[in-house]
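Novice: Sequence isn't available, so here's the structure alone:
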């Protein structure tokens, strides 16, 4: 029985204490309701793929956010949504995820329980099972808090044909909602700035949005990505570099929450390169832009979806340009390094 | 270009520096020879499954070993072999692995290069591709060294029928070689004890051994596991608990390297619960024991494979008993916590 309120090194030793932690803390949170079956979260799991055979989409991400809990989410929710989203924007339906914990000795078990409950709720909300995992413990001097890694396997959605090579001049760049909410919420929580009660991470699973987009528009959807670290600026710079094409985006059409804008201005940050954890960038055929925005906007997590720009002609070097509210033009750079450390 | 010799926080920011680290340090090590294609190690990868459709085996593990380099291996080799082995003992052929790095700010880039070269060599040696990954950087005060997570997807081997429920009285317990080499080598490296030049980790990929065993013995192979954290003692305790059957093992038949035994005795540790990273425990049908040991022994990494015990009758509580060299009997306990911290 877990009698100590803090994680011990011995909880990571692979013996009886590890088994107790898995059975009493991890499985109840991540398993089906009431699961106490130690054969779940085994060393490996067999995932049944109901779709057409032959391909599986595979992804991984580690999460190191500080603080571990922040307005709108925590590291557990983030770890589940992040990997579901990586599969979603690849045009795949998530079938199963793994969740591997690295815990610092001395971590409060109550905090671990909250984070795992949140991860479990996020997984159930996204309709994906956590099927395998791992638990390690590091000495308190060697790690601060915890690191979570999730990996995911999924199947390609029927009708998904995505890739840089499909992008052409005139294609519409669609954004599912306001930028920078995750980055600014975490930054303010970390710096203990209380700018406003309504500054919260947008952390959310995008697989509902992407599945609907593919189901309704099929191959007219040409590229999808979630603008996490590096934000919208990094995604657009990546598209420009990969396609060799200019991109123009229109500042007046890019939704930003006023509190986020205020926080970003105060901290000297650019919302275009701030992190998001529940936003989708989709590039669709020229005539499908408004329809894509409308499909997205039908979902509460994407009410402010909008066409924010267009793919342009080939250029050398290709540039991402922002048409500003004042009618000027500004080149949007690939972020160089770390504007917002440890936010995903 | 990577000009600094140490990892910066900005290398984890998702911007240009992250891209440079991936292209200049990570891809050359983990990709096919000369790979400089940034589309590899993308956010996700599509894995083609050549086998019969419908199932994929999925596993994950995080690696936190200290020191990062030790006689016989390093954290990179360990991370690749460990996940290949989790698939192998599940009766699956590894098709692809992910590799996610969490690096401490200030880490030497030269060390990272060595670890990744070792991971790449281990992957090529095991015949499995690293297809996707992730890189994060934590502030130097928040992490010591690095954490690597690997996840793996594989396909069930034809003829593999493994499970606790298949075990019966008389089944032979086969061990592929001497116990405790990884645990004692890492422990001595960490404590800077130089007991002997020939104390080295057994870290190795087991997928060749398991595939041969299944190919030659088919369903006569009933259960496989690699005795990592918690060692042989933890695996046998797990089998006893899951099947409700006694297990008897014979000390005189269990291979142990004399240097390992000497180191374990000096440190007050039990080789039965010391960690291994290149050993296989297989439980096979009663008459197949010697044949299984011979199949394993044909491989240089399992030259000293032997039948070390038998599954017994149901009992309550079921016990794992060691028949000692002196003719006595000793109950082998499930290790309680952490005998050998941070060794895998």
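Specialist: Received it, and whenever you're ready, just let me know what you need. Here the structure is a predicted model, which means the values were calculated and not measured. Residues are numbered from 1 along each chain as shown, chains lettered A, B, ... in the order given.
Novice: All the strands of chain A, in order from the start?
Specialist: Secondary structure of chain A (DSSP state E): strands located at A:44-48, A:55-63, A:69-70, A:73-74, A:92-104, A:129-138, A:146-156, A:172-175, A:221-225, A:245-250, A:281-284, A:306-314, A:320-323, A:329-331.
Novice: between these, which one is nearest to residue B:268?
Specialist: Among these, the nearest to residue B:268 by C-beta to C-beta is strand A:129-138 (21.4 Å). (Each C-beta comes from the backbone N, C-alpha and C, glycine too.)
Novice: what lines up beside the closest one in the sheet?
Specialist: Sheet pairing of strand A:129-138 (DSSP bridges) gives strand A:92-104 (parallel).
Novice: so how far is chain B from residue A:125?
Specialist: 21 Å (C-beta to the nearest C-beta, to the nearest Å).
Novice: give the contact list for the closest residue to that residue other than its chain neighbours.
Specialist: If the residues on either side of it in the chain are set aside, residue A:125 comes closest to residue A:205, at 6.3 Å by C-beta to C-beta, 6 or more residues apart in numbering or on different chains. For residue A:205, the contacting residues are A:80-81, A:84-85, A:88, A:122, A:125-126, A:278, by C-beta atoms under 8 Å, 6 or more residues apart in numbering or on different chains.
Novice: Kindly recompute the last result at 6 Å.
Specialist: Listed by C-beta atoms under 6 Å, 6 or more residues apart in numbering or on different chains, the contact set of residue A:205 reads A:81, A:84, A:126.
Novice: how close does it sit to residue A:265?
Specialist: Taking C-beta to C-beta, to the nearest Å as the measure, residue A:205 and residue A:265 are separated by 30 Å.
Novice: Equivalent analysis for residue A:21, please.
Specialist: In terms of C-beta to C-beta, residue A:21 sits 45 Å off from residue A:265.
Novice: okay, now the closest residue to residue A:110 other than its chain neighbours: neighbour count?
Specialist: For residue A:110, ignoring the flanking residues on the chain, the nearest one in space by C-beta to C-beta, 6+ apart is residue A:5 at 6.8 Å. Neighbours of residue A:5 under the rule other C-beta atoms under 10 Å in any protein chain shown: 10.
Novice: Touching, residue A:5 and residue A:107? I think so.
Specialist: No. Counting by C-beta atoms under 6 Å, residue A:5 stays clear of residue A:107, with 9.9 Å between them.
Novice: shared neighbours of these two, which are they?
Specialist: Joint contacts of residue A:5 and residue A:107 (C-beta under 6 Å, 6+ apart) do not exist.
Novice: Now the residue of the stretch 151-300 of chain A found nearest chain B: closest residue in space, sequence neighbours ignored.
Specialist: For the stretch 151-300 of chain A, the residue closest to chain B is residue A:229, as judged by C-beta to the nearest C-beta, at 2.8 Å. Spatially, and ignoring its direct neighbours in sequence, residue A:229 is nearest to residue B:14 (2.8 Å; C-beta to C-beta, 6+ apart).
Novice: that older thread, do you know how far the residue nearest to residue A:125 is from residue A:94?
Specialist: According to C-beta to C-beta, residue A:205 and residue A:94 sit 9 Å apart.
Novice: Can you check which residues contact both of these two?
Specialist: Contact with both residue A:205 and residue A:94 is made by residues residue A:84, according to C-beta under 6 Å, 6+ apart.
Novice: So what's the residue count around residue A:190?
Specialist: Neighbours of residue A:190 (other C-beta under 10 Å): 16.
Novice: So residue A:130 sits against residue A:30, correct?
Specialist: Yes. Shown here, residue A:130 and residue A:30 form a contact pair, counting by C-beta under 6 Å, at 4.4 Å.
Novice: Could you pull out the residues contacting both of the two?
Specialist: Residues touching both residue A:130 and residue A:30 (C-beta under 6 Å, 6+ apart): none.
Novice: show me the residues around the nearest residue to residue A:80 once chain neighbours are set aside that make contact.
Specialist: Using C-beta to C-beta, 6+ apart and skipping residues adjacent in sequence, the residue nearest residue A:80 is residue A:122, 3.9 Å away. By C-beta under 6 Å, 6+ apart, the contact set of residue A:122 is A:77, A:80-81.
Novice: what do you get for residue A:116?
Specialist: By C-beta under 6 Å, 6+ apart, the neighbours of residue A:116 are A:29, A:76.
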